[in-house]
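*Asks:* fold the following and give me the result.
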Amino acid sequence: MAFTVSDETLGTFVPIAVYWIYSGIYVILGDLENYRLHTKVEEDVKNIVSKRTVVKGVLVQQAFQIAVSLLLFAVISDDNGIAKPQPSLLVIAVQFLVAMVVLDTWQYFMHRYMHINKFLYKHIHSKHHTLVVPYAFGALYNHPLEGLLLDTIGGALSFLVSGMTPRTGIFFFSFATIKTVDDHCGLWLPGNILHVFFSNNSAYHDVHHQLYGSKYNFSQPFFVMWDKILGTYMPYSLEKRKEGGFEARPTRD
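*Replies:* Modelled structure (predicted):
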């Protein structure tokens, strides 16, 4: 009998593998000082949490993510053993777009509220902002409750509302993982195709991680529409530093 892995299992574990593999690539590229948004010295000095602690924190969040994902698939799956037919590419494209908008909407308002509410910021969201200089594998370094609310529940909602199949979910959540890691990578690499299609990028999100931008650029991980609609968009210019690399400087009056 051939060994097969279900779409539900792949949809749960493939995005986690993608997270660490893609982050690992950026760890290697992190020595390219001419493409960094902050120097390595700033990364070591400004961040008040160790990389070991960040890895542990991300693994805890991913454990919650696995549990919720398996529970969700167990609830919605059919037990008749008959695989559902896969939709057309056009339907999949529409489902991707719907899921992206749902995830962005959920995360914008939850993220913004965690900044507005002083209790939630102090005790929950501030953990993520201990990374003043973001780096790739710190993308999901959050308080476990924040990880559950923003990422895990947001992902479940985008999956359910869009109506995508578990097989489509493998690709969507892997893509969302790549995008989230890319936004936190701390690098501005030439030829990054994600920057061609998305204004929400590593420089855009870096602005939010700085003190002057903490009340702006809440949108994540795909579009910037809610920031622009609701007046929390902070424009910036990407300037070269004399010592090498780039800096995202705000241009807001």
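*Asks:* residue contacts, the residue most central in space within the chain?
*Replies:* Geometric centre of the chain, nearest residue: residue 180, 2.6 Å, by Cα atoms, centre = their mean. Taking Cβ atoms under 8 Å, 6 or more residues apart in numbering, we find residue 180 in contact with 139, 140, 220, 221. Just so you know, the C-beta spots here come from the backbone N, C-alpha and C atoms, and that holds for glycine as well.
*Asks:* contacts only, for the third one.
*Replies:* Yep, that's residue 220 we're talking about. If you count contacts by Cβ under 8 Å, 6+ apart, residue 220 has them with 104, 107, 108, 111, 180, 183, 200, 205.
*Asks:* one more: residue 87?
*Replies:* By Cβ under 8 Å, 6+ apart, the contact set of residue 87 is 95, 165, 168.
*Asks:* mind listing the helices for this structure?
*Replies:* Remark: helices assigned in the chain by DSSP state H are 7-29, 40-46, 51-76, 89-116, 118-123, 144-146, 154-162, 166-183, 193-197, 202-209, 225-229.
*Asks:* nearest to residue 241, of these?
*Replies:* helix 40-46 (10.6 Å; Cβ to Cβ).
*Asks:* ok, and for the closest one, which residues are buried?
*Replies:* By 16 or more other Cβ atoms under 10 Å, the buried positions in helix 40-46 come out as residue 43.
*Asks:* how about residues contacting it?
*Replies:* 30, 31, 33, 38, 132, 133, 135, 186.
*Asks:* need the contact list for the last one.
*Replies:* Shown here is residue 186, whose contacts under the criterion Cβ under 8 Å, 6+ apart are 26, 30, 36, 37, 38, 43, 133, 134, 135, 136, 202, 206.
*Asks:* now a ChimeraX select for only the buried ones of those.
*Replies:* Only the buried entries of the contacts of residue 186 go into this ChimeraX selection, using 16+ other Cβ under 10 Å:
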select :26,30,36,37,38,43,133,134,135,136,202,206
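*Asks:* kindly indicate which of the contacts of residue 220 lies nearest residue 85.
*Replies:* residue 104 (28.8 Å).
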